[in-house]
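Asks: Here is the input, now give the coordinates:
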Amino acid sequence: MHYCRFKGATILTYDVIVIDSANLFYKLKKSLRTSLEIIKKIINYIEGDIKGHLKEEGEIYILFDPISYSDLGESKNFYFSLNERKKILTDYKANRTYSPLYLETIELLRKYYLYRGDKIKLIYSDEHEADDYIEPLLEQFKDKKIALISNDLDFARYINFNVHMINEGFDKIFTKEQFEKLFQFSPTIAANTMYKALLGDQSDNIVGACFMKKVKFNTNIKILCRNYLQELSKSEITLNEAIQQFKTANFQQLNKKTDKTAFDILYLTLAIVDLKTPILEKLYTNIRVIRSSLSEKNLEPYIHSNPENKTINDMIHKSIYGIPFKQFFGKS
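Replies: Residues are numbered from 1 along each chain as shown. Presented below is the predicted three-dimensional model:
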């Protein structure tokens, strides 16, 4: 780990810091009533706390969910017509609402950091969500020390020795051990994806494959799923390999086995129910919704950064704070 000393204290620093903009908005909004109040708090946090944990040559990536350029009442829901996940599951996030201040604040955030040089990059598009960008981004920085700024547990699937999840503060890193205590399995891309696909996620309006209407089990399906997830998280197989395991499993062969694995037992149970209800089809659909839509794809088309532009930056800063950037931060 890379540490530096700051005012007598030792702090952890990172090569890359990734910020989930929507999550940060709600974390800092609290009782604030205007977009200007919120954006000031966000900027102060980035310029102060976050940059204080960035290595000298480090980079900051700010991730954005799709933003509608014309509100048309969309401030009451999360519907975006080009969203790749909405194309697969029309009910995706249909029950989620957000603050009318969200669009205003996020647009200010995007404008504020658009011309501040190549050390601060914005990642956004009309099709993909913030967590879609994480997997290809981490692939790009395999051997780097990375901090993910979010308390969205979808980000937890990437936790490892080099990747930290900062859900409260840099002094309270969300650890692998904390995740295991909450979910009883270790975080991996495959295990976390299968967890949501099998058991669902109410916050995203995803119905788990095991809890579709008319699906009934004679056994405790949650225990079978948990046993499978523990087994999966201990293995080193990828998500694609885990999916293939389901698709190529043979009911008769597995049923004849004397020593059945947790996967064998879960698959046999699901396959029996699948005779009446397309539970496995629902599982595969859920996986398509949950997994990164940019897995193994080029991230460059979605990365936006421009050379530093003092004139534009001062205009934007003054419109928010009422004083120039350098004067505000005590620079000559």
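
Asks: Residue 117 and residue 309 touch, don't they?
Replies: No. Residue 117 is beyond contact range of residue 309, at 9.2 Å (criterion: Cβ atoms under 8 Å). Quick note: C-beta positions are derived from backbone N, CA and C, even for glycine.

Asks: Helices along the stretch 1-150 of the chain, start to end?
Replies: For the stretch 1-150 of the chain, the helices defined by DSSP state H, counting those that start in this stretch occupy 21-29, 35-45, 84-88, 101-112, 134-140.

Asks: can you list those in JSON lines and add mean neighbour count?
Replies: Putting these into JSON lines (neighbours: other Cβ atoms under 10 Å) gives the following:
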{"stretch": "helix 21-29", "mean neighbour count": "20"}
{"stretch": "helix 35-45", "mean neighbour count": "19"}
{"stretch": "helix 84-88", "mean neighbour count": "18"}
{"stretch": "helix 101-112", "mean neighbour count": "20"}
{"stretch": "helix 134-140", "mean neighbour count": "19"}
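
Asks: can you give me the strands in the chain?
Replies: With strands called from DSSP state E, the chain shows them at 3-6, 9-12, 14-20, 54-63, 120-123, 146-149, 163-169, 172-174, 200-201, 206-207, 303-304.

Asks: ok, residues contacting the fourth one?
Replies: The list of residues contacting strand 54-63 from outside it, by Cβ atoms under 8 Å, 6 or more residues apart in numbering, reads 2, 4, 13-21, 46, 50-51, 109-110, 113, 118-124, 130-131, 133-134, 137, 145, 303.

Asks: Only the buried members of those: can you turn that into a PyMOL selection?
Replies: The buried residues among the contacts of strand 54-63 can be selected in PyMOL (16 or more other Cβ atoms under 10 Å) with this line:
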select buried, resi 13+14+15+16+17+18+19+20+21+46+50+109+110+113+120+121+122+123+124+130+131+133+134+137+145+303
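
Asks: can you count the residues close to residue 285?
Replies: By other Cβ atoms under 10 Å, the residues close to residue 285 number 16.

Asks: buried residues in stretch 55-64?
Replies: 58-64.

Asks: now swap in stretch 256-270 and tell me
Replies: Neighbour counts using 16+ other Cβ under 10 Å place 262-270 of stretch 256-270 among the buried residues.

Asks: measure it end to end?
Replies: Using Cα to Cα, to the nearest Å, one end of stretch 256-270 lies 17 Å from the other.

Asks: any idea of the mean pLDDT in that stretch?
Replies: For stretch 256-270, mean pLDDT rounds to 96.

Asks: Can I get stretch 37-57 in CSV, CA atoms only?
Replies: Extracted in CSV, the C-alpha atoms of stretch 37-57 (Å, rounded to 0.1, in the frame of the first residue of the first chain):
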residue,chain,number,x,y,z
GLU,A,37,-25.8,24.5,-1.9
ILE,A,38,-25.3,20.9,-3.0
ILE,A,39,-22.8,21.5,-5.7
LYS,A,40,-20.7,23.6,-3.4
LYS,A,41,-20.6,20.7,-0.9
ILE,A,42,-19.7,18.2,-3.6
ILE,A,43,-16.9,20.4,-5.1
ASN,A,44,-15.5,21.1,-1.6
TYR,A,45,-15.4,17.3,-0.9
ILE,A,46,-13.7,16.5,-4.2
GLU,A,47,-11.1,19.4,-4.0
GLY,A,48,-10.5,18.7,-0.3
ASP,A,49,-10.9,15.2,1.0
ILE,A,50,-10.7,13.2,-2.3
LYS,A,51,-7.8,15.1,-3.8
GLY,A,52,-6.0,14.8,-0.4
HIS,A,53,-5.9,11.0,-1.0
LEU,A,54,-4.8,11.1,-4.6
LYS,A,55,-1.2,10.5,-5.6
GLU,A,56,0.6,13.4,-7.3
GLU,A,57,0.3,11.8,-10.7
